[in-house]
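Asks: Output the structure for:
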Amino acid sequence: MTEEHAASTEPAVPHNGMAHVLEGIQSVHDRLSVIEGLARAAIDGPPPGAPATRVPAWRRPSDGEARWQVTLTTAVAIAFQLPISGRAVLVHPSWIMPAVQGLLLVGLVVANPRRINRESRLLRSVSLTLATLLSVGNAWSAGVLVLDIAHRKGPSSPSSLLVTGLAVWLTNVIVFALWYWEFDQGGPVARALATKPRYPDFLFANMTVWDDQNLCQKDWKPTFTDYLYLAFTNATAFSPTDTLPLSHLAKMAMSLQALVSLITGALVVARAVNIL
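Replies: Numbering: from 1, shown residues only. Sure, this is the predicted structure:
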């Protein structure tokens, strides 16, 4: 009786445990079926009649972004070199460098007047040459300005010092915006044609919510305005704000921009206050 009583009162743990094991096996089988289906779709393509998978706008071809945004901003950067004078000018007379940059800008506008979607090594070289000239000229002006302030030279009035410092600082923002725009995913033309998708160098906030139509437009893709905003926030906050650098080159470029902005802004303001 004791053995029979013990057998009748044994809990049904083995049966419950077996049920959990069977559920686990079925779950693994279902997951493997899903993975196999995704692999077949990647190799053979989706089956006939299957709904098309939505692709982010920055991964598919487009008409190219408007030319006027980058043209207007670059023209402003060229104009900012005019108030700079004296030793801070790389080439004398001071109008030569802005004139050459203006001619390069006009050539780019004539070649692509409305949309930046024409693939050409010559146009790419001209665009990079323009960005390089702006960078070299502004780097020279910033270096001379910092050395003059360190040796108590340069503009003697606070107003002229602030104007020169502001011109250098704003040009620095535009120059780095141009470099970010030129190299992210191969440049504006490569992003427009999407012939060779590449990993993005920057992660914009819109990219994290691209599949939610309530937060992001379905055709959104980064344009020059986004890179200008990135450069401005990095120059004022000295760190990434809502846009994160992904590649090593992007991280180094943002670090350099923050360093230049910090040194230039701090020294100019300190010297202006000292003069007052």
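Asks: low-confidence ranges in the stretch 1-150 of the chain?
Replies: Low-confidence segments of the stretch 1-150 of the chain (pLDDT under 70): 1-17, 20-21, 31-54.
Asks: first vs last residue of stretch 216-224, how far apart are they?
Replies: End-to-end span of stretch 216-224 (C-alpha to C-alpha, to the nearest Å): 18 Å.
Asks: Return the set of buried residues in that stretch.
Replies: 216, 220, 221, 222, 223, 224 (16 or more other C-beta atoms under 10 Å). Placement of C-beta: from N, CA and C, glycine included.
Asks: could I get these as a markdown table with distance to residue 121, pLDDT and secondary structure?
Replies: Below are the buried residues of stretch 216-224 laid out as a markdown table (distance: C-beta to C-beta, whole Å; pLDDT from 0 to 100; DSSP: H, G, I helix; E, B strand; the rest coil):
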| residue | distance to residue 121 | pLDDT | secondary structure |
| --- | --- | --- | --- |
| 216 | 34 | 76 | coil |
| 220 | 29 | 86 | coil |
| 221 | 24 | 88 | coil |
| 222 | 23 | 92 | coil |
| 223 | 23 | 93 | coil |
| 224 | 21 | 95 | helix |
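Asks: What is the most widely separated pair among those?
Replies: By the measure C-beta to C-beta, 216 and 224 form the most distant pair in the buried residues of stretch 216-224, at 18.6 Å.
Asks: so what are the domain limits for this protein?
Replies: As assigned by automatic domain parsing, the chain contains the domains 14-53, 57-275.
Asks: Run a quick neighbour tally on the closest residue to residue 267 other than its chain neighbours.
Replies: What sits nearest to residue 267 in space, not counting adjacent residues and going by C-beta to C-beta, 6 or more residues apart in numbering, is residue 149, at 4.8 Å. By other C-beta atoms under 10 Å, 22 other residues sit near residue 149.
Asks: Same check on residue 63?
Replies: 10.
Asks: Quick check, it in contact with residue 192.
Replies: Yes. Using C-beta atoms under 8 Å, residue 63 is in contact with residue 192, at 7.1 Å.
Asks: which neighbours do the two share?
Replies: Here residue 63 and residue 192 have 115, 117 as joint contacts, going by C-beta atoms under 8 Å, 6 or more residues apart in numbering.
Asks: center of this protein - which residue?
Replies: residue 202 (4.3 Å; C-alpha atoms, centre = their mean).
Asks: so how far is residue 23 from that one?
Replies: Between residue 202 and residue 23 the computed distance is 44 Å (C-beta to C-beta, to the nearest Å).
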